[in-house]
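Chemist: What shape does this take:
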Amino acid sequence: MGRCIRVEMWKAFHNKMMCYALLIGCILATADLVQTALTVSDLGASYAHSPGGYDGCGLFVNWIGINGVTVGSVIFYAVWPFLAAMPYGWSLYEDHKSHMVNNILTRVPYSQYLTAKMLAVFISGGAAIAFPVTANLLLSAMICPACIPRVTVPITGICSGTAFLAQLYYTRPWLHAIIWCVIEFLWGGVAASVCLIVANKVKHRFFVIVAPLILFLLLDFITPLFADAINWYIELSPLRLCNLASTNPSPTWIVILEIILWAAISVLAVLYRGNKHEIL
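Modeler: All right, here's what the predicted structure looks like:
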């Protein structure tokens, strides 16, 4: 089992698609950083004399995880499920298409193979999202003052009780930002895991990779209609819950619950597939 996991992890992090995903993510994170640097440079002096002080050009309102206004940030959070699927979400489909799985199953049971595959897909997808976001946070700290945001200056949409760990954001923002980078990793992992659900349902690798984005876009369209119907205006779209700049309330419990829900769906689908294969 351990050897199978090591092989799958090596394959997940040593392929061109992982490089492409990281490259695109880093380009978008860099575009956000450049735009933020220009904004801070132009407005820093004026903010110093404004009632809000330096809050407006502070790190914790301008890094990619929260600003929601730069070109890099908007594009990144519009395509992040696709970036998460790029590194290794296609691998199960390719193994079956090339019949590589038949060779693998001469060495390990199908259940162990699927477990290793699921771990590799999850971790590679999480890394593809979390690395650019974390790098942006650390580099933004070099150009933005890391002042503690004030709840009395409503620059962001983070309000107490309606946003992810809002109280922590206004007391220990560095810890809040680091925890959010972990959340980004988990979102990337669950998005990539969606590929395992559809791997035997589609006929081309591209459609496997784009499946998480299409699914999350569909949910992004459906969930507001559902919320309107029941008058419950909490953010339910996975596409937007990955972004602290979501306009609708996104409390901590809904973020954690949806991550667990999507992870459970993926695990159950993989287990079902494994049991079905063993029976056959």
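Chemist: Counting neighbours, what do you get for Val270?
Modeler: Residues near Val270, counting by other Cβ atoms under 10 Å, number 21. From N, CA and C alone the C-beta is placed, and that goes for glycine too.
Chemist: do Lys203 as well
Modeler: When counting by other Cβ under 10 Å, one arrives at 8 neighbours for Lys203.
Chemist: Next one: it from Phe76, what distance?
Modeler: Going from Lys203 to Phe76 by Cβ to Cβ, to the nearest Å gives 29 Å.
Chemist: what's the distance between the spatially closest residue to Pro238 that is not a sequence neighbour and His204?
Modeler: Excluding the flanking residues, the one nearest Pro238 by Cβ to Cβ, 6 or more residues apart in numbering is Phe216, at 5.0 Å. Distance, Phe216 to His204, by Cβ to Cβ: 20 Å.
Chemist: lowest average confidence, helix or strand, in the protein?
Modeler: Sorted by mean pLDDT, DSSP states H and E, the helices and strands of the chain end with helix 100-104, the least confident at a mean of 81.
Chemist: Other residues contacting that helix?
Modeler: Applying Cβ atoms under 8 Å, 6 or more residues apart in numbering, the contact partners of helix 100-104 are 94-95, 113.
Chemist: need the next SSE after that helix, C-terminal direction.
Modeler: Per DSSP states H and E, the first helix or strand lying C-terminal to helix 100-104 is helix 110-140.
Chemist: For that next one, the averaged confidence score.
Modeler: Averaged across helix 110-140, the pLDDT comes to 94.
Chemist: Which of Phe216 and His204 has more residues huddled nearby?
Modeler: Neighbour tally, Phe216 and His204, criterion other Cβ under 10 Å: the higher count belongs to Phe216, 23 against 11.
Chemist: Helix or strand for that one, just tell me which one.
Modeler: Phe216 belongs to helix 205-230, assigned by DSSP H and E.
Chemist: and the helix or strand that that helix is followed by, what does it pack onto?
Modeler: Next helix or strand after helix 205-230 toward the C-terminus (DSSP H and E): helix 238-241. Judged by 3 or more Cβ pairs under 8 Å, 6 or more residues apart in numbering; DSSP states H and E, the packing partners of helix 238-241 are helix 71-85, helix 173-198, helix 205-230, helix 252-279.
Chemist: export those to TSV and tack on distance to Ala146 and mean pLDDT?
Modeler: Shown next, in TSV, are those (distance: least, Cβ to Cβ, whole Å; pLDDT from 0 to 100):
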stretch	distance to Ala146	mean pLDDT
helix 71-85	19	96
helix 173-198	7	95
helix 205-230	32	90
helix 252-279	23	83
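Chemist: Check the gap between Gly56 and Cys147 for me.
Modeler: 10 Å.
Chemist: cool, Ile254 as well?
Modeler: For Ile254, the distance to Cys147 - Cβ to Cβ - is 29 Å.
Chemist: Asn136 too?
Modeler: 18 Å.
Chemist: In terms of neighbours, single out the busier of those two.
Modeler: Applying other Cβ under 10 Å to Asn136 and Cys147 shows that Asn136 carries more neighbours, namely 28 against 15.
Chemist: so the more buried one makes contact with Leu33?
Modeler: Yes. Using Cβ atoms under 8 Å, Asn136 is in contact with Leu33, at 5.9 Å.
Chemist: intersection of neighbour lists for the two?
Modeler: Shared contacts of Asn136 and Leu33 (Cβ under 8 Å, 6+ apart): Ile64.
Chemist: Can you check what angle separates the lengthiest helix in the chain from helix 173-198?
Modeler: Assignment by DSSP state H gives helix 16-48 as the longest helix of the chain. Per axes from the mean of the first three to the mean of the last three Cα atoms, to 10 degrees, the angle that helix 16-48 makes with helix 173-198 is 150 degrees.
Chemist: residues making contact with stretch 29-38?
Modeler: So stretch 29-38 is in contact with 62-64, 67, 70-73, 75-76, 132-133, 135-136, 139-140, 143-144, going by Cβ under 8 Å, 6+ apart.
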